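need a structure here:
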Amino acid sequence: MNIEIKHSDALSMTLNFTLESSDYAESVQKSLHDHRRKAEIKGFRKGMVPMGLIQKMYGRSALFEEVNKQISEGLNKYIEENHIQIIGEALPNEELQPKIDWDHADTFVFVFDLMLAPKVELILTADDHIPIKQPKITKKDKDEYIESLQKQFGQLIDVEKAEAEDFLKVDLSQGDKLVHDAYISFKAIKDEVLKQPFIGLKVGDSVEVDVVQNFPNEVDRAALLKVKKEELDNANPVWQITVLEVKRFAPASLDQAFYDRVFGAGQVDSPEIFAKKVEERMRNIFASESDYRFTRDARDYVINKCAIALPDTLIKRWLHHSNDGKVSMEEIERDYDAFAQDFRWQLIRGYVIKEHRIEIGKEEIIAQAENVAKYRFATYGLNSVPQEQIEKYAGSLLANEKEARKIIEMVEDEKVYAFIRSAVTLDPEKVPFSKIKEMNTNG
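Okay, the predicted model is just below:
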């Protein structure tokens, strides 16, 4: 066995891997003897099949299997003994690879490309500056936030006469056809002209309406008539609508009941304390968004500072090869820039963890798993799940290898970002609270 470097630079290495018959012949023969010992072929006693027939039947597969084994073991040994740090796995070089004659050749040459792991160096000091967003909360911001809370905790009330943003509960009739307790939301009717037949209606009023004209959207019309969209019959679109209820959404009043619903019973007992609690919550909301923005800015900053070069062409080949061609080169090209940036971050994160001896404790992993569990419950509107159930779900996440890896990476990310935050100078940037959504969707 001989391995020869044909090309090497800072990002890649090309190896010629040569196997002589002396490297594999003995193992191939042993494999064939095993086949002979186990073979059960009609006309021959078990273990007495002629070697010529065994060779004919199993020779190529035994050779192929042994050569591949020798290549795998030889490459791994070479990489380990020469302390070569690689990315991914060795890739066959199809351009330089000689044609292989499995039936007649004694010597086999294989050409492989190795992607060399780039060197990572990151030194952060107070001379490194990363922005940190801080809230600028005005009276207008607080008033708007309170209004949003009032809407969030508001309710439908009965009113005498329908206005532009109200709801109607109605019966519809057309001959012997009846539709009971249907709902009409004026907000869903975008065209102001189409609202006009309903404005001013009171309980008990009736009006004839062309539902095709007034509800041109088939989904809305089907919901009104309580049928599937495919069941709509527009032969006679005129229905008589009788009003059963007129409803209006009313924001919650600024009273003790509202304070208790927003912050919990007994937490707020005056407008002044309510105002302080509101600002505190707004700052907490902003802090969460600010932390997320910092991770984006910090990640971009250290990636740019390290300026890690990657063997892009080889990585694209590796992505295509490792996915068995299921991901096209066009898709890889389209998404490569984002992948490369994420890959650079993974290298930097690994460097920081190793260089600064950052350790991840079991308790931290469990705590993160419970946070993930709480978040997933919350997405289904379950905000008061018992701790016992959270712990059980967190345990199931950690029992799943893929989920556990994600959770560990979350903890690692948090620790690496904490290290970056402690090492650099943070430049405060005031951002209006009203721009909180734009802060993490732009730039």
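
The top strand by length along the chain: partners in the sheet, and parallel or antiparallel?
Counting by DSSP state E, the longest strand found in the chain is strand 238-250. Applying DSSP bridges, strand 238-250 is found paired with strand 155-158 (antiparallel), strand 167-174 (antiparallel), strand 206-210 (antiparallel).

Of those, flag the one that's most buried.
Burial of the strands paired with strand 238-250 is given as mean neighbour count (mean count of other C-beta atoms under 10 Å); strand 167-174 ranks first at a mean of 19. For glycine as for every other residue, the C-beta is placed from the backbone atoms N, C-alpha and C.

For it, which outside residues touch it?
156, 162, 178-186, 198, 201, 224-225, 236, 238-249 (C-beta atoms under 8 Å, 6 or more residues apart in numbering).

Please report the distance of Thr441 from Arg296.
For Thr441, the distance to Arg296 (C-beta to C-beta, to the nearest Å) stands at 11 Å.

now do Glu429
14 Å.

ok, now Ala265?
Distance from Ala265 to Arg296, by C-beta to C-beta: 39 Å.

just Ile132 next, same as before
From Ile132 to Arg296 the distance is 12 Å (C-beta to C-beta).

Mind checking which of those two has more residues around it?
Each of Ile132 and Arg296 has its neighbours counted (other C-beta atoms under 10 Å); Ile132 has more, 18 against 12.

Please name the residues that touch that one.
With C-beta under 8 Å, 6+ apart, Ile132 has these contacts: 290, 294, 426-429.

Most neighbours among those residues, which one?
The contacts of Ile132, ranked by neighbours (other C-beta under 10 Å): first place Ser290, 20 neighbours.

thinking again about what came up before, in the longest strand of the chain, what's buried?
For strand 238-250, the neighbour count (16 or more other C-beta atoms under 10 Å) marks 239, 241, 243, 246-248 as buried.

which among the residues you listed gets closest to Ala418?
For those, the closest approach to Ala418 (C-beta to C-beta) belongs to Arg248, at 49.6 Å.

Wait, the closest one touches Gln155, no?
No - Arg248 lies out of contact with Gln155 (C-beta atoms under 8 Å); the separation is 9.9 Å.

how many neighbours does Lys140 have?
Neighbours around Lys140, by other C-beta under 10 Å: 11.

avg pLDDT for the longest helix anywhere in the chain?
As assigned by DSSP state H, the longest helix anywhere in the chain is helix 271-306. Regarding helix 271-306, the rounded mean pLDDT is 94.

The following helix or strand past that helix: which residues count as buried?
Sequence order places helix 312-322 as the next helix or strand after helix 271-306, per DSSP states H and E. For helix 312-322, the neighbour count (16+ other C-beta under 10 Å) marks 314-320 as buried.

tell me which element Ile332 falls in.
Applying DSSP H and E, one finds Ile332 within helix 329-355.

Leu178 too?
strand 177-185.

so that strand versus strand 238-250, what angle?
30 degrees (axes from the mean of the first three to the mean of the last three C-alpha atoms, to 10 degrees).

What is strand 177-185 packed up against?
Helices and strands touching strand 177-185, by 3 or more C-beta pairs under 8 Å, 6 or more residues apart in numbering; DSSP states H and E, are strand 167-174, helix 218-225, strand 238-250.

quick one: contacts of it?
For strand 177-185, using C-beta under 8 Å, 6+ apart, the contacting residues are 167-173, 198, 224-226, 239, 241, 244.

Ala10 belongs to a helix?
No - judged by DSSP: H, G, I helix; E, B strand; the rest coil, Ala10 forms no part of a helix; its state is coil.

wait, isn't it in contact with Pro118?
Yes - with contact defined as C-beta under 8 Å, Ala10 counts as touching Pro118 (7.4 Å).

Quick check: neighbours shared by these two?
Ala309.

okay, those two: which has more neighbours?
A side-by-side neighbour count of Ala10 and Pro118, using other C-beta under 10 Å, places Pro118 first with 18 against 10.

What is the three-state secondary structure of that one?
coil.

And for the one 5 residues further on?
Three states are possible here, and by three-state DSSP the one that applies to Ile123 is coil.

what's the spacing between it and Val302?
Distance from Ile123 to Val302, by C-beta to C-beta: 11 Å.

The two - which one has more neighbours?
Val302 (25 against 10).

contacting residues for the more buried one?
Val302 touches 122, 124, 345, 348, 420, counting by C-beta under 8 Å, 6+ apart.

Pick out the most distant pair among those.
Longest span within those, C-beta to C-beta: Leu124 and Trp345, 14.9 Å.

Would you map out the domains in this protein?
2-116, 129-140+268-439, 155-250 (automatic domain parsing).

nearest to Gln256, of those?
domain 129-140+268-439 (7.2 Å).

Phe343 reaches Leu310, doesn't it?
Yes - the criterion here is C-beta under 8 Å, and Phe343 meets it with Leu310 at 6.8 Å.

In this structure Ala62 contacts Leu32, no?
Yes - contact criterion C-beta under 8 Å: Ala62 and Leu32 qualify, at 5.6 Å.

neighbour-wise, which of those two wins?
Using other C-beta under 10 Å as the criterion, Ala62 and Leu32 rank with Ala62 on top: 21 against 18.

export the strands paired with strand 238-250 to JSON lines and tack on distance to Ser72?
Shown next, in JSON lines, are the strands paired with strand 238-250 (distance: least, C-beta to C-beta, whole Å):
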{"stretch": "strand 155-158", "distance to Ser72": "69"}
{"stretch": "strand 167-174", "distance to Ser72": "70"}
{"stretch": "strand 206-210", "distance to Ser72": "75"}
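
among those, which is nearest Asn371?
strand 155-158 (32.5 Å).

Residues in contact with the closest one: which ones?
Against strand 155-158 from outside (C-beta under 8 Å, 6+ apart): 167, 245-250, 252.

List of residues touching the stretch of helix or strand Asn371 belongs to?
Per DSSP H and E, Asn371 falls inside helix 362-379. With C-beta under 8 Å, 6+ apart as the contact definition, helix 362-379 has outside contacts at 383, 385, 390-391, 393-395, 397-398, 404, 407-408, 410-411, 414.

Ok, stretch 278-291 next?
Outside stretch 278-291, the residues touching it (C-beta under 8 Å, 6+ apart) are 132-135, 137, 141-142, 145-146, 149, 431, 433, 436, 439-440.
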